[in-house]
Structure formats: C-alpha cells, structure tokens
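> My questions concern the predicted model and sequence given below.
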Amino acid sequence: MIICDTHCDTLYNLQVRPGSHLDVTMDTLKKGGVSLQTLAMFVGPGRKGDVEALFAGMFHQFELLKEQGWKQVDDPSEAVDGEVSVMLSIEGCEPFDPGLEVIDEYRRRGVRMAAITWNHENTLAYPAMSGSTQGLKPYGVEAIRFMQQVGIAADVSHLNDAGVRDILEKCDKPPMASHSNCRALVNHPRNLSDELLRDIFAAGGYVGVNFWPTIVGDPANVDRVVDHIVHMYELGGEGKVGFGSDFDGIERKPEGLTGPQDFPNLIEGLRRRGFAEEDVKNIAGLGLVNYFKRIAV
C-alpha cells in the first residue's frame, strides 16, 4: 500500500536543533510502511531572522540525508510500495520575497508545495492565527499563480479564511492543505470551516489531516483522527483526504500515533470505522497522487 504524509518538520529540527530526538527517521518510516514523506522547510518563528541562511541550511541537511541513501522524488506518482522516498515543501513563503525568479529556483530544486504563511503576516498574505479578515495581498495573488504555473501546489494550512477564499476564486488550480483539520469538530483557527472544506474538495483540492492534539480534539487518539477524516468525507472529500502528521513539529501526539511507525494503527482505524479498502488506499496515499495529477502543468 502506498502511504504518503504531506507534512513534517524534520529538516528544521536537523538544522536548528542538532542532536534532538526525531520522530521521522529512516527506521521509523520503514517500520510504518511510508512510501512518501514530504519534508517541509519551515520558515521558523524568527520572522526577521536570516531566512536565506536558514533555508540554505535546510537544503544542506536534505543533501546530507540523500548522501545517507534517502531518495528524493519530484512527484507523488513516483512513490513505490515498500520503498521510502521523500519530497520537499515549504512552510511560510518568506523565501519568495525577492521575486518570482526565486520561486522558479525552488521548484528546480524539487519543492512541490508551499504553505503561503506560517503564523506571521508576510508579503503574500495573512495567517489564520492573526484573526485578519483581509485576503491575499497583490503579490500573493501573483506569486501563487506563478507557483501553480511551475508546479508548486498552493498549501493553505496556516492561511486565514479570506486568503483561502481568494486562492479558490482568483488562482488557477485547486489548493491543498497539507496539515489541517475540521473546525466543526474543534473550533480552532488552524482548522478549516465546513464551507471552505466543501469548496476545496469541489474544486479538486486535497487535505492532509493533522495529528496535533490541540486541533484533533479530546481524547487525542487514532479514533479522533479518523473522526476528522469521516467528517471531511461527508463534505465531499472522498478521494481527496489523506495524512499530514506534523511529526517533528508537535510535542504531543495522539495516543497510538507517536511517529511514522504507527501509521498501521491509523490504517486499521479506518478499516474499523467501515471504510472500504479502496477508500483506505486513497486516504493512505493514492488521493495525494491523484491530486498532483489534477494540478499537473
């Protein structure tokens, strides 16, 4: 079975916290049967810091992983059952401040998705945690359209509602949310409203369900994560929902989901809930493969 995870913060930890415990390792990925792990390059909380140096460091950490045998792919369709591969993303588009040519360079280096904001306002947009009701900034519309033209998916996790709406209405291809949940189940700004979820799915978008207990809800366990998947399916998410763990970016984890090695627990949780095997395969990874086919350039 192809298992894909659309978000973890491992590269940031390797760069900023060398020697710290990592949820995501080659061993845990193999134990969990993960076929594709997306490694986010996280802009970090120091918005005014040296973004260029931070991202150069994370690219360097990625090269070191590849020297150790980690296999980079450029598209989820390259994922192979029984073999671990990795793909790059960005969390926070501050690196794109200098102009569109930077976006092109990141794409050439293998970046396939980019979260427009983290928890800070930037030159593109406003984050969900700000409470802002303003939509995308003019450069945000321009940059996201360009991202989509070159094959970088617009990731709306952390983006405010008005920004998500603008991408749906003003940009060329459906967005994804790499690590977000349902606001109807847990009323938190980081979760997506039913209205936005319906529209993302209707447009052909995709959502990876986050494992962060704060937005999963109580009790934080496998069944509660499955609750979010069930709710998304009820809103039109069939074939358009998957996993976005946020491993190495969350200190607490749901019971039974402490790292990639525990993905089999989640797969079994889906089966217990009555998902057909075709749906289980879509949620595990094929839904992400098909999303990238829909946004192919």
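Yes, it's here. All figures in this text were calculated on a predicted structure; none of them were measured in a lab.

> For Glu63, give its distance to Glu105.
Using CB to CB, to the nearest Å, Glu63 is found at 16 Å from Glu105. (Glycine included, C-beta is placed from N, CA and C.)

> Kindly report the same for Gly256.
For Gly256, the distance to Glu105 equals 41 Å [CB to CB].

> can you dump the C-alpha coordinates of the host helix or strand of Leu270 into PDB?
Assessed by DSSP states H and E, Leu270 sits inside helix 263-272. Extracted in PDB, the C-alpha atoms of helix 263-272 (Å, rounded to 0.1, in the frame of the first residue of the first chain):
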ATOM      1  CA  PHE A 263       0.700   4.600  10.600                       C
ATOM      2  CA  PRO A 264      -0.500   1.000  10.500                       C
ATOM      3  CA  ASN A 265      -2.600   1.800  13.600                       C
ATOM      4  CA  LEU A 266      -4.300   4.600  11.600                       C
ATOM      5  CA  ILE A 267      -4.900   2.300   8.600                       C
ATOM      6  CA  GLU A 268      -6.600  -0.200  10.900                       C
ATOM      7  CA  GLY A 269      -8.600   2.600  12.500                       C
ATOM      8  CA  LEU A 270     -10.000   3.500   9.100                       C
ATOM      9  CA  ARG A 271     -10.900  -0.200   8.500                       C
ATOM     10  CA  ARG A 272     -12.600  -0.500  11.900                       C
END
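
> Figure out how far that helix is from the centre of its chain.
In terms of CA atoms, centre = their mean, to the nearest Å, the centre of helix 263-272 is found 20 Å from the chain centre.

> just stretch 187-205 next, same as before
The answer for stretch 187-205 is 14 Å, by CA atoms, centre = their mean.

> Around the residue nearest to Cys8 when sequence neighbours are not counted, count how many other residues there are.
The shortest distance from Cys8 to any residue other than its chain neighbours is 4.4 Å, reached at Phe247 (CB to CB, 6 or more residues apart in numbering). By other CB atoms under 10 Å, the residues close to Phe247 number 25.

> What pLDDT is listed against Phe247?
Note for Phe247: predicted pLDDT of 98.

> wouldn't it be in contact with Tyr12 here?
No: using CB atoms under 8 Å, Phe247 makes no contact with Tyr12, being 11.8 Å away.

> and the spatially most central residue of the chain, what is it in contact with?
Centroid-nearest residue in the chain: Ser178, 2.2 Å away (criterion: CA atoms, centre = their mean). Ser178 makes contact with 6-7, 38, 40, 89, 113, 115, 155, 157, 208, 244, according to CB atoms under 8 Å, 6 or more residues apart in numbering.

> List the buried residues in stretch 148-161.
Across stretch 148-161, burial judged by 16 or more other CB atoms under 10 Å covers 148, 151-161.

> Give me the nearest residue to Ala296, chain neighbours excluded.
Leaving aside its sequence neighbours, Ala296 sits nearest to Gly151 (CB to CB, 6+ apart; 7.5 Å).

> Report the secondary structure state of Ala40.
Counting by DSSP: H, G, I helix; E, B strand; the rest coil, the backbone at Ala40 sits in strand.

> circling back: need the contacts of Ser178 in TSV with distance to Gly131, pLDDT and secondary structure, can you?
Output for the contacts of Ser178, formatted as TSV (distance: CB to CB, whole Å; pLDDT from 0 to 100; DSSP: H, G, I helix; E, B strand; the rest coil):
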residue	distance to Gly131	pLDDT	secondary structure
Thr6	26	99	coil
His7	23	99	coil
Thr38	28	99	strand
Ala40	24	98	strand
Ser89	26	98	strand
Met113	25	98	strand
Ala115	18	98	strand
Asp155	20	99	strand
Ser157	17	98	coil
Gly208	24	99	strand
Gly244	23	98	coil
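
> Now tabulate the residues you listed in CSV and tack on distance to Pro264.
Shown next, in CSV, are the contacts of Ser178 (distance: CB to CB, whole Å):
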residue, distance to Pro264
Thr6, 18
His7, 19
Thr38, 19
Ala40, 23
Ser89, 24
Met113, 25
Ala115, 28
Asp155, 26
Ser157, 25
Gly208, 18
Gly244, 18
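
> Thanks a lot, catch you later.
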